[in-house]
Structure formats: structure tokens, C-alpha cells
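S.K.: The following block contains a protein sequence and its predicted model.
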Amino acid sequence: IVVNVEFFNPSEEDLLMSASVSCGYSYIDDRTSIKMGDCAKGTLVQHVKAGQRITEDIALYFVSGRSYSYSIPVINELTIQ
């Protein structure tokens with residue numbers, strides 16, 4: 001899946017911002033036909049100028065299978081430097 005992440009810097013200083021994103025999902029394994037669960041994760045890092053916002057996409061990849069069901073992606077960690 002592709003998750004659209006928006007970084008917004010309301011301060012008067014340029015910032016380095018990063019967001020760790022994850023999405024839990026379940027699927028049917030192609031080899032065993034057993035329902036499995038996993039979590040796809042990714043991290044974005046952006047330099048955001050003062051008073052600006054940047055929108056960036058991150059692709060989260062699922063393992064090979066079928067009949068996917070997934071939860072709403074979440075930001076696990078946001079760091080600002």
C-alpha cells in the first residue's frame with residue numbers, strides 16, 4: 001500500500017523530521033492456505049523549511065499471499081531535530 005505522509009513545520013527554524021509508519025495486515029499464505037498476520041514498516045526523513053509543509057508517499061510492502069485485510073496505517077514514531 002502507499003501511505004501519504006505530510007510533514008508540517010510551523011516553527012521559524014528549518015527542521016529535519018522523520019516518521020516511522022506501520023500497517024498491520026492479515027493474508028492467506030499461497031503455499032499453505034493458512035491465514036497469517038504481519039506488519040509492514042517504513043521510515044521517511046525530510047528536511048522541512050520554516051513555515052513549510054512537505055507531502056511524501058511511502059510504499060509499505062506486504063508479503064506474497066492473497067485475500068489481504070489491513071488496518072489503518074499509523075505513525076509509530078515522529079522525531080524532530
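M.R.: Looks like it arrived, so ask away. Numbering: from 1, shown residues only.
S.K.: Distance check, the most centrally placed residue in the chain against Ser33.
M.R.: In the chain, the C-alpha nearest the mean C-alpha coordinate belongs to Val21, at 3.1 Å (C-alpha atoms, centre = their mean). Distance, Val21 to Ser33, using C-beta to C-beta, to the nearest Å: 30 Å. For every residue, glycine as well, the C-beta is placed using N, CA and C.
S.K.: in which helix or strand would I find the residue of the chain most remote from its centre?
M.R.: No residue in the chain sits farther from the centre than Thr32, which is 28.3 Å out by C-alpha atoms, centre = their mean. Here Thr32, judged by DSSP states H and E, is contained in no helix and no strand.
S.K.: Who are the contact partners of it?
M.R.: By C-beta atoms under 8 Å, 6 or more residues apart in numbering, no residues touch Thr32.
S.K.: Angles on the backbone of it, please.
M.R.: Dihedral pair for Thr32: phi -110, psi -10, per degrees, to the nearest 10.
S.K.: now do Tyr70
M.R.: The phi/psi pair for Tyr70 (degrees, to the nearest 10) reads phi -140, psi 160.
S.K.: just checking, it touches Cys23?
M.R.: Yes: applying C-beta atoms under 8 Å, one finds Tyr70 in contact with Cys23, separated by 5.6 Å.
S.K.: so what sits against both of the two?
M.R.: Common contacts of Tyr70 and Cys23 (C-beta under 8 Å, 6+ apart): Ile1.
S.K.: Mind jotting down where the helices sit in the chain?
M.R.: Using DSSP state H, the chain contains no helices.
S.K.: so where's it shaky on pLDDT?
M.R.: Scanning the chain for pLDDT under 70 picks out nothing.
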